[in-house]
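>>> what follows is a predicted protein model with its sequence.
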Amino acid sequence: MIAFEGIRTKGLSKTYQRGKQELHALDHVSMEIGRGESVGIIGSSGSGKSTLLNLLAGLDTPTAGSVEVDGRNLTQMSRQELARYRALKVGMVFQSFNLVSHLTALQNVELGLLFIDLPRSERRRTATAMLERLGLFDRLDHRPSDLSGGEQQRVALARALVTKPEILFADEPTGNLDEQNTRDIGQFLSELNEAGLTVVLVTHDTAFAKEITGRTIRLHYGQIVGEEVSK
Amino acid sequence: MNARDILTLAAQNLWLKKLRTMLTTIGVIIAIATFTAMVSFGVGMQASIKSEFEKIGLMTKIQVYAGTTTDTSTVRLDREMVERLGLLPGVVTAFPFDSFFLNASCNDSTARLEAQGISLAYLNNGSFKEWEAGGPFDSDSAQQVLILDNALEDLGFSEADSAIGEQVVVARKISSLDSAFVRVVTDMPSPLQLYRSVKIDSLRSNDYLRKTVNNAFLQAAGSFARGYFEDRGELRDTLTITGVLNHGDVRSLRLKSLMIPEAIAQRYAASAQLDDPMTLYSSVREGTLPIPGSGLENVSEYNHVTLEMEPMLSHDAVMDSLKSMGLRAFSYEQEFKQMRIFFAIFTTGLGTIGFVALLIAALGIANTMVMSILERQREIGVLKALGADDRDIHLIFLAESGTIGFLGASFGIAFGWLISRVAMGIARAYLARQQVPLMELFALPIWLIAVALLFGIGVSLIAGLYPANRAARIDPVVALRNE
């Protein structure tokens, strides 16, 4: 049997214990995202979007259910295997950029290459090329505090893409950006998807999701409540 | 993630918090400096004493004294015994020693000095490397003498060099049986005096007769003793000074002020034995009364015998043999073994002070690392999101604590050495004022540098273990949520 190429979840659940109360962040979510697909996960705050993204990226472990990526079950992987999965297969972008404040733009992008076996000189060359591709060739030695929000998010994107991942998980990547930068980032994500990258975008901005992804999945209180093909 | 990347990240993180890193490192520096200086003192003292022992050849010597066997009979150090000692396994040579007082005259100065016989072989066995002036005498029968520098003034010399080649007249009154008997005869009353002093009528009384005979005997004994000790002849030699030794250098060899070639000294030694009334009594009783002025064969007993041992040889076997022979013996090599145990305890005690300081510094490191983790939670989350596993995070934090340990230990060793130099400078000034021979009180051997370095790094790594484990266990989801 040929394994499904892409991401598949089955009965994925995540429950948090808050004192005596149980909080169901995700409740039996089953879905598929094919290789090269661009999917937007939308929903209001607290709907479980980020929890789902963390589980798909191997940052978190589910309470129940499974996540399969290219036929491999993440829930059966060791912590070391999950780290390897994140290093080689996945790129992540966050709303708050999550750049290391004391490192330059170039050093931040190089961080993404630390956990794959590349010589130091090769790391520098690859990171520089990625930043230049994102139009930041004159910002290599700038620290995050010296960059605008849009530039910081482009550095974060460069860091996520520098390892040439198969899947990009973007958690509210435009949440802290102005209209122009939102458009630019959206455009760039679309181009990446057209180039074959699987993009999973989490956002509360339904219009933005529909504009740049081919399919949207709506979450409400941890459950899939709707799915729509947008282009 | 390779070692270089881990160390680079650790160095960047430490550099970012320079002041905190510096303060934590200073704690380690002080601790390691204390440890290094303390242990250096213990090691230095031991090395210095051992070096002094070796310099004068004490590590290859056993001093043997007369003793008693288990059946309480006396074991004497006579000529025959000296020959037996020389044949013990591991013994290179057995040197008999005897000391006696002489009147020494030179430069219009006369002093009563203690002297001893010494053989050329003993002088040449390596114990006398440094001479204040001159050197050993030519032969065991040469009319020459060696002196210690502390006798120079007594003999009218101001400097060691000026004594070389000068002549010393040594002389000693010697007791004589002849003079004793002559005194008995001359002190004896004439027949007329005897006749007048005796009451002829009373001779029939036993009490009177006994009293008269006792008086006569006591008078004769008194005359014998006076004649023996007062009417003495004299031994006299004119000796040329060939060498002067520093008394401090040879203190442990128990050398006397004058050292005379063995063959000449034997005559003086034999006569000197009769100075002691108890020796005289025992010699008369045992029929071994020596003839003053005669040769070595008449020396009934030596003060002590020094055994020159083969180098690097344990003295245990010979010491056991000497004990079974009923002799008392003293081995510097064995004493030094005891001293090493003492120094090991002493040095451990000193090192413990440094260790306690290092434990306090370790708490500082742990505190610094925990603070660092709290501040860098999000960074740890980012690294995990980028593919770092628990081991990578663990190693980064261990590298940071290890770097603090390495820097602290390196500078601490240098600082400890500096402290030891300052302390040595103060000690040098004090010892010079007290006219005590200078000795190196501190030593910093390579092994101590290595131990201090490993100690500093090791304790720092242990201190960093808990924070590193804590950092490795951080949940990336929680860490990234901390915005």
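Perfect, thanks for sending it.

>>> going forward, measure contacts and count neighbours with C-alpha atoms only.
OK.

>>> for stretch B:355-371, what is the average pLDDT?
Mean per-residue pLDDT for stretch B:355-371: 89.

>>> for chain B, what's its nearest residue on chain A.
A:Ala87 (3.9 Å; CA to the nearest CA).

>>> how close does B:Arg378 get to chain A?
8 Å (CA to the nearest CA, to the nearest Å).

>>> and that residue, which helix or strand is it part of?
Under the criterion of DSSP states H and E, B:Arg378 resides in helix B:377-385.

>>> same check on B:Ile341?
Going by DSSP H and E, B:Ile341 is part of helix B:332-375.

>>> and that helix, what does it pack onto?
helix B:18-55, strand B:61-65, helix B:390-433, helix B:446-472 (3 or more CA pairs under 8 Å, 6 or more residues apart in numbering or on different chains; DSSP states H and E).

>>> next, the angle from that helix to helix B:377-385.
In terms of direction (axes from the mean of the first three to the mean of the last three CA atoms, to 10 degrees), helix B:332-375 departs from helix B:377-385 by 90 degrees.

>>> quick one: B:Arg196 is in a strand?
No - going by DSSP: H, G, I helix; E, B strand; the rest coil, the assignment for B:Arg196 is helix, not a strand.

>>> these two touch, right, A:Val229 and A:Arg218?
No - assessed by CA atoms under 8 Å, A:Val229 is found out of contact with A:Arg218, at 11.4 Å.

>>> neighbour count for these two, which is higher?
A:Arg218 (21 against 12; other CA atoms under 10 Å in any protein chain shown).

>>> now that one: which helix or strand?
strand A:215-220.

>>> off-centre distance for that strand?
Strand A:215-220 sits 16 Å away from the centroid of its parent chain (CA atoms, centre = their mean, to the nearest Å).

>>> pull up the pairing partners for that strand, direction included.
strand A:38-42 (parallel), strand A:223-229 (antiparallel) (DSSP bridges).

>>> and chain A, which residues reach chain B?
Within chain A, the residues that sit near chain B (CA under 8 Å from any CA of the partner chain) are A:54, A:59-60, A:79-80, A:83-88, A:91-92, A:96, A:98-100, A:102, A:111-112, A:114-117, A:160.

>>> and the residue of the stretch 351-483 of chain B closest to chain A?
Counting by CA to the nearest CA, the stretch 351-483 of chain B gets nearest chain A through B:Gly387, at 3.9 Å.

>>> quick check, that residue in a strand?
No - read with three-state DSSP, B:Gly387 is coil and lies in no strand.

>>> what's around it, how many residues?
For B:Gly387, using other CA under 10 Å, the count is 30.

>>> so who does the nearest residue to B:Leu444 once chain neighbours are set aside touch?
Leaving out its chain neighbours, the residue that sits closest to B:Leu444 by CA to CA, 6 or more residues apart in numbering or on different chains is B:Ser40, at 5.6 Å. Listed by CA atoms under 8 Å, 6 or more residues apart in numbering or on different chains, the contact partners of B:Ser40 are B:420, B:442-444, B:448.

>>> among the residues you listed, which one sits closest to B:Glu234?
B:Phe442 (53.3 Å; CA to CA).

>>> next up, phi/psi of the closest one, please.
With angles defined as degrees, to the nearest 10, B:Phe442 sits at phi -120, psi 150.

>>> correct me, but it touches B:Gln46?
No - using CA under 8 Å, B:Phe442 is not in contact with B:Gln46; the gap is 9.2 Å.

>>> show the pLDDT at the residue nearest the centre of chain B.
Geometric centre of chain B, nearest residue: B:Phe53, 5.3 Å, by CA atoms, centre = their mean. What the model reports as pLDDT for B:Phe53 is 72.

>>> show me the domain layout of chain B.
As assigned by automatic domain parsing, chain B contains the domains B:3-55+B:337-481, B:100-175+B:232-301.

>>> endpoints of the shortest one, how far apart?
Using CA to CA, to the nearest Å, one end of domain B:100-175+B:232-301 lies 13 Å from the other.
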